[in-house]
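S.K.: Got a predicted structure here, sequence first:
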Amino acid sequence: MTYTAYVQRLSRINSEDFQDAGTQTHLGAVGVSLDDLALRAYTAMLSRLILVAPEEAVMLAGGERGLKRYPSESLDTYRRRVIDAWAYWEMAGTLPGMIQALASAGYRATVTEHWRTQPEKWAEFSVTVSPLNPLPNNARWDGQRRWGEGARWGVDPNAVPTDYLADLVNSVKPAHARLRELNYYPRGRFWGGEVEWGEGRPPPEPAFGWGLNYGIPDYRDTGTDSGPRWGTEPPLVLYRMEG
C-alpha cells in the first residue's frame with residue numbers, strides 16, 4: 001500500500017482529524033515524497049539482485065567481484081558468471097574450476113594435460129570446447145528435444161561467440177600452466193568428447209531380407225542430419241601456442 005492510499009484510508013476511519021483541507025494537502029505532499037523514496041529504495045534493492053538487475057548494475061556487481069565482461073560476451077552469459085562468482089574464484093586455478101568457468105559461459109570442455117603422454121611438456125595443456133547444449137541445424141518443434149531441458153532454440157551453434165574464451169581459460173588456469181591449444185567444435189562431435197555416440201542421426205529403421213537380422217539398424221549413411229560423420233568435423237582453432 002502506498003503512503004497516499006494509507007492516508008486516504010485513515011481519512012475514512014477518523015474523519016475529524018484527517019478531513020480538513022489543510023491536513024489533506026500536507027499529508028498528500030508528504031505522501032508523494034515518501035512514495036518516491038520507497039520506489040527508489042525498491043529499485044536500488046533490485047539492482048543488487050543480480051538475477052534481475054539491469055545491465056549497468058550487473059557490470060558494477062561484476063567489477064566488485066573481479067570479473068570483467070569480455071567484448072563479445074552476452075549479458076546473460078556474464079550475468080551467470082557474476083552469480084557464480086564465489087564458486088568461480090574458490091575453484092580458480094584448478095582443473096574442475098576451469099571446466100566450471102567454461103560451463104558458466106555456456107561451453108562443455110574437455111581438458112588434455114600433456115604431461116601424461118609427454119613428460120617434458122609438464123606445464124602445458126589443451127582445451128576442446130563445444131556448446132553446452134548443441135542443437136542440430138534442422139531441429140524442429142515436434143522433434144525429440146524437450147522444452148526446458150537447457151537447449152536454446154533458434155540459436156545457431158556455429159554462431160556462439162568464442163573470441164574471448166582464451167582469455168577466460170587463462171584467467172582461471174593454474175599459475176604454472178600454459179595453454180597450448182584451444183579448439184572449438186560447434187556440434188560437439190570429437191573423439192574424447194562427452195556428446196553421446198550417434199547424436200543427431202535420424203532414428204534407425206529395421207532392416208529386412210535374407211542375411212539380415214530383424215531390427216538391426218542400417219547405418220549406411222555417410223553423415224548425420226546435422227553435420228559430418230562422427231569424429232570427422234574439423235575444429236575451429238581459437239588459440240595455438242607459438243613455437
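M.R.: That came in fine, so what should we check first? Numbers count the residues shown, from 1 in each chain.
S.K.: Model confidence score at the closest residue to A103 other than its chain neighbours, please.
M.R.: With CB to CB, 6 or more residues apart in numbering as the criterion, A103 has its nearest non-adjacent residue at 6.2 Å, and that residue is L132. All C-beta spots, glycine's among them, are computed from the backbone N, C-alpha and C. Per-residue pLDDT puts L132 at 78.
S.K.: Distance-wise, check L132 relative to A177.
M.R.: Look at L132 and A177: by CB to CB, to the nearest Å, they are 23 Å apart.
S.K.: was I right about the residue nearest to A103 contacting G106?
M.R.: Yes - using CB atoms under 8 Å, L132 is in contact with G106, at 5.1 Å.
S.K.: what's the neighbour count on R81?
M.R.: Per other CB atoms under 10 Å, the neighbour tally for R81 reads 22.
S.K.: do the one 5 residues further on as well
M.R.: Taking other CB under 10 Å as the criterion, the count of residues near W86 is 9.
S.K.: Secondary structure element holding it?
M.R.: helix 85-90 (DSSP states H and E).
S.K.: Remind me what that helix packs against, helices and strands.
M.R.: helix 95-104 (3 or more CB pairs under 8 Å, 6 or more residues apart in numbering; DSSP states H and E).
S.K.: which other residues reach the helix it packs on?
M.R.: 77, 80-81, 84, 87-88, 90-92, 108-109, 111, 113, 127, 129, 132, 165, 168-169, 171-173 (CB atoms under 8 Å, 6 or more residues apart in numbering).
S.K.: quick check: mean pLDDT across it?
M.R.: pLDDT averaged over helix 95-104 gives 87.
S.K.: Quick check: buried residues in that helix?
M.R.: Going by neighbour count (16 or more other CB atoms under 10 Å), the buried part of helix 95-104 is L95, G97, M98, I99, Q100, A101, L102, S104.
S.K.: what distance separates the start and the end of stretch 165-181?
M.R.: End-to-end distance for stretch 165-181, by CA to CA, to the nearest Å: 12 Å.
S.K.: May I see the buried residues of it?
M.R.: Here stretch 165-181 shows L165, L168, V169, V172, K173, A177, L179, R180, E181 as buried, counting by 16+ other CB under 10 Å.
S.K.: surely E73 meets T162?
M.R.: No - counting by CB under 8 Å, E73 does not reach T162; the two are 10.5 Å apart.
S.K.: Tell me if I am right that D35 is in a helix.
M.R.: Yes - under DSSP: H, G, I helix; E, B strand; the rest coil, D35 sits within a helix.
S.K.: Mind checking which of the buried residues of stretch 165-181 are in helices?
M.R.: L165, L168, V169, V172 (DSSP state H).
S.K.: Let me see the contact set for the third one.
M.R.: Spelled out, that is V169. V169 touches M98, A101, L102, V127, L179, L182, counting by CB under 8 Å, 6+ apart.
S.K.: Which secondary structure element is home to R108?
M.R.: strand 107-113.
S.K.: ok, that strand: who's next to it in the sheet?
M.R.: Its sheet considered, strand 107-113 pairs with strand 124-131 (antiparallel) by DSSP bridges.
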